[in-house]
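Undergrad: next one to model:
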Amino acid sequence: MTEQPPDRILRLNAVLNRTGLTRATLYRKIQAGTFPKQVRIATRCTGWRESAIREWMRNPMFYEAGDVS
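TA: Next comes the predicted model:
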């Protein structure tokens, strides 16, 4: 069996660099449910699961966010 690397948490700048989206577009897509939701890291700190970003990048036109925590 192949062991998968751990799922990293990406911060905002890393997500923007990988996706090519602007901050406003990213948050608009989150509100519309067409981009993965953030996960809370600490009280005032959030990020995105790297696996969720990879999944979105495979097919961004038809992505729909689920209720995955």
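Undergrad: any low-confidence regions in this structure?
TA: Scanning the chain for pLDDT under 70 picks out 1-2, 67-69.
Undergrad: now the helices: where do they sit in it?
TA: Under the criterion DSSP state H, helices of the chain are mapped to 12-19, 23-32, 50-58.
Undergrad: helices or strands next to the first one in the packing?
TA: Other elements packing on helix 12-19 under the criterion 3 or more C-beta pairs under 8 Å, 6 or more residues apart in numbering; DSSP states H and E are helix 23-32, strand 45-49, helix 50-58. For glycine as for every other residue, the C-beta is placed from the backbone atoms N, C-alpha and C.
Undergrad: 7 Å instead?
TA: Counting contacts by 3 or more C-beta pairs under 7 Å, 6 or more residues apart in numbering; DSSP states H and E, helix 12-19 packs against helix 23-32, helix 50-58.
Undergrad: using CSV, write down the CA coordinates of the first one.
TA: Going back to what we said before, that points to helix 23-32. Taking C-alpha atoms only, helix 23-32 is exported to CSV below (Å, rounded to 0.1, in the frame of the first residue of the first chain):
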residue,chain,number,x,y,z
ARG,A,23,-8.9,37.5,-2.1
ALA,A,24,-12.3,39.0,-3.0
THR,A,25,-13.0,36.2,-5.6
LEU,A,26,-12.0,33.5,-3.1
TYR,A,27,-14.3,34.7,-0.4
ARG,A,28,-17.2,35.3,-2.9
LYS,A,29,-16.7,31.6,-4.0
ILE,A,30,-16.8,30.4,-0.4
GLN,A,31,-20.1,32.3,0.1
ALA,A,32,-21.5,30.8,-3.0
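Undergrad: contact partners of that helix?
TA: Contacts of helix 23-32 from elsewhere in the structure, counted by C-beta atoms under 7 Å, 6 or more residues apart in numbering, are V15, L16, F35, K37.
Undergrad: these: which two are farthest apart?
TA: L16 and K37 (16.1 Å; C-beta to C-beta).
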